[in-house]
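S.K.: I would like to see how this sequence folds:
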Amino acid sequence: MASEAILKLHRLVSGLKRLRRSGWVERGVEDPETVAEHSYAVALLSMLLAELRGLDPLEAARIALIHDLPEAVLGDLTPREKRLVEGLGERELEVVEDLAKSMPEEIGSRYLEAWRSYSAGGDPVARLVRAVDKLEMGLQALEYAKAGCAEALEIYRSALEQIEDRELRRLLEEAGRGLA
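M.R.: Residues are numbered from 1 along each chain as shown. All right, here's what the predicted structure looks like:
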């Protein structure tokens, strides 16, 4: 059994359960979601959409659940902050590589490949998860806007601009009708 990997992964996940999403904090959202809550929503939506599109739902869930793991070490950086961090991609990769090294080789390589796939965004499943990441952010923004945080609509509009998947962009547009 890979007890080191289990304990290391749990430490990362525990950090994500406490880490509030910084974009919501900056906009004054009362009791904003954590990174773990966001990742969970991305995973569920990605699994469903992968199945609907004939893609691998397990791989979609794996990618979605690890896509924010480096934030447990590096923090939840806003897009503006990310531009200021030199070598951010390499630092994120180091976090995932460190975790993968503690796993049995076959499993570790699978997780590392899932991370690399997400980062590159070239594979259909990774592209879907990247789009769902933005979709979920936009849907959450609408929830915060409905609860009275008008500043959240800025993130909704940003999510709309970033989603290249026409079907998902249309879904987010429909969800925002009357609010945005």
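
S.K.: residues contacting Ala175?
M.R.: 138-139, 142 (CB atoms under 8 Å, 6 or more residues apart in numbering). For every residue, glycine as well, the C-beta is placed using N, CA and C.

S.K.: Can you tell me which of those has the most neighbours?
M.R.: Gly138 (28 neighbours; other CB atoms under 10 Å).

S.K.: pretty sure that one is touching Ile155, no?
M.R.: Yes. Assessed by CB atoms under 8 Å, Gly138 is found in contact with Ile155 at 7.2 Å.

S.K.: coming back round to it: closest to Met103 among the contacts of Ala175?
M.R.: Leu139 (32.5 Å; CB to CB).

S.K.: Can you check the pLDDT for the closest one?
M.R.: Listed pLDDT for Leu139 reads 98.

S.K.: My guess is it contacts Glu173. True?
M.R.: No. Checked against CB under 8 Å, the pair Leu139 and Glu173 is beyond contact range at 11.5 Å.

S.K.: rewinding a little: as TSV, the contacts of Ala175 with secondary structure and distance to Glu59 would be great.
M.R.: Output for these, formatted as TSV (DSSP: H, G, I helix; E, B strand; the rest coil; distance: CB to CB, whole Å):
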residue	secondary structure	distance to Glu59
Gly138	helix	23
Leu139	helix	22
Leu142	helix	28
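
S.K.: Show me the contact partners of the helix or strand bottoming out on mean pLDDT in the chain.
M.R.: In the chain, the helix or strand scored least confidently by mean pLDDT, DSSP states H and E is helix 79-84, which has a mean of 88. The contact list for helix 79-84 (CB under 8 Å, 6+ apart) reads 22, 88.

S.K.: Leu168 touches Arg130, doesn't it?
M.R.: No. Using CB under 8 Å, Leu168 makes no contact with Arg130, being 10.3 Å away.

S.K.: out of these two, which sits in the more crowded spot?
M.R.: A direct count of neighbours by other CB under 10 Å for Leu168 and Arg130 places Arg130 higher, at 24 against 20.

S.K.: what does the model give Glu4 for pLDDT?
M.R.: So Glu4 comes in at 88 (pLDDT).

S.K.: My error: substitute Met1 in the last question.
M.R.: You'll see Met1 listed with a pLDDT of 53.

S.K.: if I look at Met103, how far off is Ala43?
M.R.: In this view, Met103 and Ala43 are 19 Å apart by CB to CB, to the nearest Å.

S.K.: higher neighbour count, the two?
M.R.: Neighbour totals were compared for Met103 and Ala43, and Ala43 leads with 22 against 19 (other CB under 10 Å).

S.K.: okay, now the residue nearest to that one when sequence neighbours are not counted: neighbour count?
M.R.: The shortest distance from Ala43 to any residue other than its chain neighbours is 3.9 Å, reached at Ala64 (CB to CB, 6 or more residues apart in numbering). A count of neighbours around Ala64, defined by other CB under 10 Å, yields 30.
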